[in-house]
Each structure stands twice: as C-alpha cells, then as structure tokens.
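Colleague: Coordinates for the following, if possible.
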Amino acid sequence: MSQKRPATLKEIAAHAGVGTAAASVVLNGAKSGTRVSDEKRKAILRVAQELNYRPNGLARSLRTRRTGIVGYFSGYECIDPRNEYIAAVMGGMQSGCTELGLDLLLYTPHVDLSPESVVANLSNGRLDGLIVSARPEHPISALLAVDHLPVVALADPLPDIPSVVADSYHGGELQAQHLAERGHHRVLYVPADYPFLSVLDRYRGFRDEAAKLGLEVIDGQPVHGHHPEIGPSEARLHPDDFALFSRPDRPTAVVVWDDAPAYRIASQLSDAGLHIPQQVSVVGYNGCLPATEPRWRLSTVRAPWHHVGATAVRTLHRLIEGEDVPSITTLPVEMIAGATS
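Modeller: You can find the predicted model right below:
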C-alpha cells in the first residue's frame, strides 16, 4: 500500500479557484498585499479540510522565525517519570505549554557531546527557548547564560538566568516551627546525597530556625531520593543514625530532605517497634503524592512543583516575546500536618 501524498498549497489553491498567494495568506498566515474575501476564505478552508491539508511547519518557522517548541534540559542526568517531583514539574510544564499553544521537547544529550556541542544543538533554531535544571557549576550553565537562546532556570536558581523556584528556605523554617510546636527538642536531620541548591536552602532554613527555637539538631548521613534501583542500605537510615533510636536520649523526630526517603525511614522505624508519631515523628519535604497509597499520610512541606513548571513556561514565553521578566520568581510553600508528627 502506497502512502498518501499530502496535498500541496498549490493544489489547494487550484481546487478553491484562487491564487497560491491567497491560499498562503489564509492557511499559513503569510504576510502579503493580497486581499482575500470572506467567500474565498471559506472556500480555501473548505478545500483544505476536504484534502486534509497540513501547513508545512518548517516553512512557517522560516517565515516567522518561531518553531512553537520549547525545550527542557536536565543537568541531573536521568529524567525519571517515576520520580514524583519530576512528574509534577513535567505536568506543570505541559500545562503551561498547552495554555500557550507550545510544544515541549525533552532534550537528552549524548554522553560523548561536549558542553559547547550541547549548547550549539539547543540553540540551532529548533527551539524558541529552553527551561533548564542544573547546578551553577554545571558546564552548560555558564554557556547558556551568555547564549542568544531565551532560557529560564527551574527549581534551582542559576546566575544571570531568570529562575522560577519554590521558597525552600522558608520551607525549612516551617519544618522547625512545626516540630517545636509539638514539643520536640532533639531532632535528627537526614540530608540528600546530592547538593541540590534548593535542598541546601531548606536545610539552612531549618537549621537557622531550629537555633532560634532551641532545638538540638543532629546531622545524619545522606540518603538517596527516588531511584527505584537503589539497595536497602542506601534507601534508609545509616546504621549509625539508626542506632541513635536505641539510646535513652534518642531523637524524638526525624526531618528528611525529601518525601520518598521519609516514607522509607518511617517504615524502618516502625518495623523496629517504634510507634509513629507517638515515639518518633517523621517530617518530609516536597508534598508530591506517591503513585501508590502510602502507609501514612506524611507530615511534609508542600512545594507547588506543578505551578513552578507552568510558571517557568509562562516566564520563558514572555522572554521569547521580548518582555522583561524578574531575575527570580519565588513561589510559596506550606506546611502540611499529616499522621507522622
């Protein structure tokens, strides 16, 4: 079976009894001195529908210098949709693109490409703009800051690039206030195994507020976040931290940098015979609902990651249109009191 050839603009014009210029004005929005009557416009649209005409996207982009495509680049390697945070951010970006009539392209660089080659690929005309998640020291961050491609950073702010973030520092403050209000005095803080800027900010917020409130904070060993492939020893409390809960002066609360390890640590402590939250409270961060129903409704700081993703797209669109945008847009977070504190 031979594949049907798409109708051409010339064929549409011939069937509608008009010139090619008139058909181009109606179907492609071409700028021309040709005036098209309502009657001819209707005829062109009717024939285009009958022949299933589709405008040539490449030709349109050459004319408008726009592709209608924005990209997303992650400097944190894998974009894993099983990660609830990634799913929320991606959903937000898709919502923003739908609202503005844009398409979203995930860019995955090959490992053998240099940072310069990656930026050259991103800014070669296929994208109108780019949303990026990366640390400031990532080689691509400095290159994008001086490139002509409109760029917005998401979640972790980048120097010289407009950024859309959640109020991570205040989120850490809320965690400390929540535990102090519930009478806790000795808290184990479990950090991330990777220095995300937003995660470091929430730690600083917690530490600063805990000092004001008189909370004793024990710095625990880092744990992994969402990766399903990690082993049990990487997914839960380090043995030295776990041993703290067999002592008379054990911590009465655990603050974890992210919800996924917080759920695992709560299960670990419960399986060891500690009652949650009567004997030990567990507080997470992010507020992204897991795909399966959890054992507890976790106490956590909810960051509006879906809204962050959508706002990043809107901010990028404004940049593409030549508008001025804030250097940083910070969205509020909220403390959610669940069943684990």
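
Colleague: which strands and helices sit next to the one helix or strand Thr300 maps to?
Modeller: Taking DSSP states H and E as the criterion, Thr300 maps to strand 299-302. Applying 3 or more CB pairs under 8 Å, 6 or more residues apart in numbering; DSSP states H and E, one finds that strand 299-302 contacts helix 168-181, strand 281-286, strand 334-336. C-beta here means a position set from N, CA and C on the backbone, and glycine is covered the same way.

Colleague: go with 6 Å
Modeller: Packed against strand 299-302 by the contact rule (3 or more CB pairs under 6 Å, 6 or more residues apart in numbering; DSSP states H and E) you find strand 281-286, strand 334-336.

Colleague: JSON lines for those, including mean pLDDT, distance to Ser133 and mean neighbour count?
Modeller: Listed next are the helices and strands packed on strand 299-302 as JSON lines, based on pLDDT from 0 to 100; distance: least, CB to CB, whole Å; neighbours: other CB atoms under 10 Å:
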{"stretch": "strand 281-286", "mean pLDDT": "96", "distance to Ser133": "15", "mean neighbour count": "29"}
{"stretch": "strand 334-336", "mean pLDDT": "97", "distance to Ser133": "23", "mean neighbour count": "17"}
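
Colleague: I'd like these written out as a markdown table, with distance to Gly273 added.
Modeller: Converted to a markdown table, the helices and strands packed on strand 299-302 look like this (distance: least, CB to CB, whole Å):
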| stretch | distance to Gly273 |
| --- | --- |
| strand 281-286 | 15 |
| strand 334-336 | 27 |
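
Colleague: what's the closest of those strands to Pro157?
Modeller: strand 281-286 (17.6 Å; CB to CB).

Colleague: From the chain's centroid, how far away is the closest one?
Modeller: The chain centre lies 20 Å from the centre of strand 281-286; the measure is CA atoms, centre = their mean, to the nearest Å.

Colleague: Let's test this: mean pLDDT of stretch 48-64, rounded?
Modeller: Across stretch 48-64, pLDDT averages out at 63.

Colleague: so how far is Ala43 from Arg35?
Modeller: 15 Å (CB to CB, to the nearest Å).

Colleague: Looking at those two, which is more packed in?
Modeller: Looking at Arg35 and Ala43 with other CB atoms under 10 Å, you find the greater number of neighbours at Ala43, namely 20 against 8.

Colleague: before we move on, which element is the more buried one in?
Modeller: Counting by DSSP H and E, Ala43 is part of helix 38-50.

Colleague: buried residues in that helix?
Modeller: Within helix 38-50, the residues that count as buried by 16 or more other CB atoms under 10 Å are Lys40, Arg41, Ala43, Ile44, Leu45, Val47, Ala48.

Colleague: hang on, the earlier thing: give me the contact list for the strand holding Thr300.
Modeller: 171, 174, 259, 283-285, 287, 333-338, 340-341 (CB atoms under 6 Å, 6 or more residues apart in numbering).

Colleague: From those, pick the one nearest Glu216.
Modeller: Nearest to Glu216 among the contacts of strand 299-302, with distances taken as CB to CB, is Val283, at 15.7 Å.

Colleague: what's across from that closest one in the sheet?
Modeller: Here Val283 sits in beta bridges with Val255, Ser299, going by DSSP bridges.
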